[in-house]
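Student: With the sequence up front, the predicted model follows.
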Amino acid sequence: MERRYHIDPSYDEDELEDIRLFTSIRHGDVKAFDMLFLKYYPRLCAYASQFVAQNDTEEVVQDMMMWFWENRAMQVYEVSLKRYLFKAVKNRCLTLINRNELKERVVTVVSQEMEEIYDDPDIYEVEELTRRIESALQALPENYRKAFELNRFHDLSYKEIAQQLNTSPKTIDYRIQKALKILRGKLREYLHVLLFLH
């Protein structure tokens, strides 16, 4: 059953227009999507620029809007469409930030461990390695991944992570060891360069 959005009498004209556009978009109306895109694109790009470099903002927003269109039949929002779009952009910016940090770490590791190869670096190999690590990390149970990333990427101690996640250092140790075991299995061909898996 299709979800119907309640029209609150307190909605202003802008919010009512968003509801009309969203309803049309869910029915595959390309013109309505174009109108929504033009309405929010500049504002979303300006918002994204608070999180990522200027040359990344347009790509982030365009990717999010394409995802929004391709998944239009499954889209739902609780408060307002505007807030939903801004939150989606923020989440993509944070993902890009994490990916760039991961890529920097991979480049550093490769340069330290494989200097003779890195004299002639292959950016595609670095990209592929980054994608493989990202995929393996995302496949971890969330509590394992969070503990692992806080320790390896943010240099927090087990005690600091335990305080942040409201659990014990022993539990954090267990989660990180389990994460390591899973990652080593998935990335075994890269173990000679993945220092943060030691």
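Tutor: Now that the structure is in, tell me what you want to look at.
Student: if you go through the chain in chain order, where are the helices?
Tutor: Using DSSP state H, the helices of the chain run over 13-26, 30-48, 54-70, 81-113, 115-118, 123-139, 142-152, 158-165, 169-186.
Student: As JSON lines, these with mean pLDDT would be great.
Tutor: Converted to JSON lines, the helices of the chain look like this (pLDDT from 0 to 100):
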{"stretch": "helix 13-26", "mean pLDDT": "90"}
{"stretch": "helix 30-48", "mean pLDDT": "95"}
{"stretch": "helix 54-70", "mean pLDDT": "92"}
{"stretch": "helix 81-113", "mean pLDDT": "79"}
{"stretch": "helix 115-118", "mean pLDDT": "50"}
{"stretch": "helix 123-139", "mean pLDDT": "76"}
{"stretch": "helix 142-152", "mean pLDDT": "87"}
{"stretch": "helix 158-165", "mean pLDDT": "90"}
{"stretch": "helix 169-186", "mean pLDDT": "90"}
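Student: In CSV: the ones you listed, plus mean neighbour count.
Tutor: Glycine gets a C-beta too; all of them are placed from N, C-alpha and C. CSV is the format used below for the helices of the chain (neighbours: other Cβ atoms under 10 Å):
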stretch, mean neighbour count
helix 13-26, 16
helix 30-48, 16
helix 54-70, 16
helix 81-113, 16
helix 115-118, 11
helix 123-139, 15
helix 142-152, 19
helix 158-165, 16
helix 169-186, 16
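Student: Outline the domain layout of this structure.
Tutor: Domain assignment of the chain by automatic domain parsing yields the ranges 13-94, 123-197.
Student: From L165, how far out is the spatially closest residue to D56 that is not a sequence neighbour?
Tutor: Leaving aside its chain neighbours, D56 sits nearest to L96 (6.3 Å; criterion: Cβ to Cβ, 6 or more residues apart in numbering). Applying Cβ to Cβ, to the nearest Å, the value for L96 to L165 is 24 Å.
Student: now swap in Y84 and tell me
Tutor: Noted for Y84: a distance of 28 Å to L165, by Cβ to Cβ.
Student: And the residue nearest the centre of the chain?
Tutor: Nearest to the mean C-alpha position of the chain, by Cα atoms, centre = their mean, lies T95 at 2.7 Å.
Student: For F51, grab the count of nearby residues.
Tutor: 16 (other Cβ atoms under 10 Å).
Student: er, P141 I mean
Tutor: Using other Cβ under 10 Å, P141 has 12 neighbouring residues.
Student: picking up where we left off before, so which of the domains of the chain gets nearest E104?
Tutor: Ranking the domains of the chain by proximity to E104 (Cβ to Cβ) places domain 123-197 first, at 9.6 Å.
Student: any idea what sits nearest G28, other than its immediate chain neighbours?
Tutor: According to Cβ to Cβ, 6+ apart, the nearest residue to G28 is R72 (7.3 Å).
Student: so what pLDDT did that neighbour get?
Tutor: Per-residue confidence (pLDDT) for R72: 88.
Student: What of the one 4 residues further on?
Tutor: V76 carries a pLDDT score of 80 in this model.
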